[in-house]
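Undergrad: Need the 3D shape of this:
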Amino acid sequence: MGTTKSYDPSLAVTFSANNSQDEPLSVVINILTKPTNYEPEFINPEEATSNGNVINPWEVEKLEKKWVENVDVVYFWIAGIRSNRSLKRRLKDLLKHGNGQTTDRGPHKGGEIFWQLKGSQNFSLWILPIKNPRNNEESYLENFYKQTGQLPFANRQF
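TA: Alright, predicted model coming up:
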């Protein structure tokens with residue numbers, strides 16, 4: 001199966017928690033992609049728990065079964081559908097979670113098994129402003145599933 005790419009690389013952005021822009025961005029789809037030639041290595045539940053960035057870690061065997069071969073996308077989600085928080089604030093939440101600053105609910109609990117991938121700091125985040133976010137998310141996930149027989153690695157449901 002070829003690489004699944006339903007995004008436009010020209011829309012990629014670089015982000016930083018120190019970015020001074022704090023303008024609300026309506027609704028966006030976020031896509032995390034792996035680096036070229038990435039071979040998955042997984043962080044075991046004990047290490048993930050001690051890192052503080054995975055609230056409910058999975059066993060390595062379960063992560064290995066969940067891994068989707070021959071695709072770039074490892075996680076796909078929408079942001080802003082129920083929130084008027086700025087993109088800067090949402091990205092800060094994601095970075096906080098990755099750095100172990102979590103509570104029992106997050107701040108970004110969805111897709112948290114992403115943080116059990118070694119080298120996650122080398123992955124790319126694509127941000128796509130969109131209209132009709134729920135339709136786009138469901139359509140993308142359905143197409144991904146039809147092509148691979150699985151959801152993206154860190155997605156657990158449609």
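
Undergrad: For the rest of this, base every contact and every neighbour count on C-alpha atoms.
TA: Fine.

Undergrad: Strands of the protein, start to end?
TA: Applying DSSP state E to the chain gives strands spanning 28-33, 73-79, 124-129.

Undergrad: and the last one, average pLDDT?
TA: Model confidence over strand 124-129 averages 87 on the pLDDT scale.

Undergrad: roughly how far out does it sit from the chain middle?
TA: A distance of 10 Å separates the centroid of the chain from that of strand 124-129, by C-alpha atoms, centre = their mean, to the nearest Å.

Undergrad: From start to finish, how long is stretch 51-66 in a straight line?
TA: End-to-end span of stretch 51-66 (C-alpha to C-alpha, to the nearest Å): 21 Å.

Undergrad: can you give me how far that stretch is from the chain middle?
TA: How far stretch 51-66 lies from its chain's middle: 14 Å, per C-alpha atoms, centre = their mean.

Undergrad: For the chain, name the helix or strand with the lowest mean pLDDT.
TA: Ranked by mean pLDDT, DSSP states H and E, the weakest helix or strand in the chain is helix 87-98, scoring a mean of 78.

Undergrad: can you point me to the longest helix in this structure?
TA: Using DSSP state H, we find that the single longest helix of the chain is helix 133-148.

Undergrad: what about residue 75, how many residues close to it?
TA: 22 (other C-alpha atoms under 10 Å).

Undergrad: Help me confirm that it comes into contact with residue 66.
TA: No: Residue 75 lies out of contact with residue 66 (C-alpha atoms under 8 Å); the separation is 11.9 Å.

Undergrad: quick one: common contacting residues for the two?
TA: residue 153 (C-alpha atoms under 8 Å, 6 or more residues apart in numbering).

Undergrad: got a list of what the residue lying closest to residue 34 once chain neighbours are set aside touches?
TA: Once flanking residues are discounted, residue 34 sits nearest to residue 123: 4.8 Å by C-alpha to C-alpha, 6 or more residues apart in numbering. With contact taken as C-alpha under 8 Å, 6+ apart, residue 123 is in contact with 32, 33, 34, 35.
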